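Trainee: Okay, predicted coordinates and the sequence, questions at the end:
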Amino acid sequence: MKDSEINRLLQEILTYLKKIEIRNQTNEMTADSDSLIKKTETRAENALNKLGLSFDRLHDKLFMLNNVMIVAFLGFSKFPSDSPIFGLLTAFIPILNLIFLIILEKMQMEIYRHESLQMEWDDQGRERFGIMIRNQNLRSLLGIITTIGILIYLFVVIIQY
């Protein structure tokens, strides 16, 4: 073999080695990208789970506080016996709020039910899920405001008595 032919073969081998190296680097970058995408998807899923748990805990606390207020309103509608602080009909205020909180919890269940069918979603399903979450956020905020409002009303009336 001639030197020129050996040099040409070595150049060809070098070209192929460069192509293989580029391919290996591309595969490594793709693997890194896939890893980052999976981590991001896992974080997004964990965030959604935490969001759902936060809603559940918040609603549980609102239920508990509302139940305490029902007892307080009923108790103060009989105390003192000669001139009660509240009329008996006033006890329906926290009861109505309880009904709203129950409806709020049912709507949260509907969101979970819709989310459980995520694999069957089309674009409309994704859009519907976003709307459901936004509406639920507003309803939860309204539940917080009404519960705190009733609690403030309870304290103001008791203090003024």
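Mentor: Received, thanks.

Trainee: Tell me how far the host helix or strand of residue 36 lies from the chain's centre.
Mentor: In this assignment (DSSP states H and E), residue 36 forms part of helix 3-76. On the basis of CA atoms, centre = their mean, to the nearest Å, helix 3-76 sits 18 Å off its chain's mean C-alpha point.

Trainee: Would you mind identifying the next helix or strand past that helix?
Mentor: Heading C-terminal from helix 3-76, the first helix or strand you meet, by DSSP H and E, is helix 92-116.

Trainee: I'd like the average pLDDT over the next helix or strand after that next one.
Mentor: Downstream of helix 92-116, the first helix or strand assigned by DSSP H and E is helix 123-160. Averaged over helix 123-160, pLDDT sits at 94.

Trainee: Would you indicate which residues of helix 123-160 are buried?
Mentor: 129, 132-133, 136, 139-140, 143, 146-147, 150-151, 153-154 (16 or more other CB atoms under 10 Å). No exception for glycine: its C-beta is placed from N, CA and C like everyone else's.

Trainee: And for stretch 69-81?
Mentor: By neighbour count on 16+ other CB under 10 Å, the buried set for stretch 69-81 is 69, 70, 72, 73, 74, 76.

Trainee: quick one: pLDDT of residue 68?
Mentor: Residue 68 is given a pLDDT of 97.

Trainee: what residue ranges in the chain score low on pLDDT?
Mentor: 1 (pLDDT under 70).

Trainee: So which residue is smack in the middle of it?
Mentor: Among the residues of the chain, the one closest to the centroid is residue 51, at 2.5 Å (CA atoms, centre = their mean).
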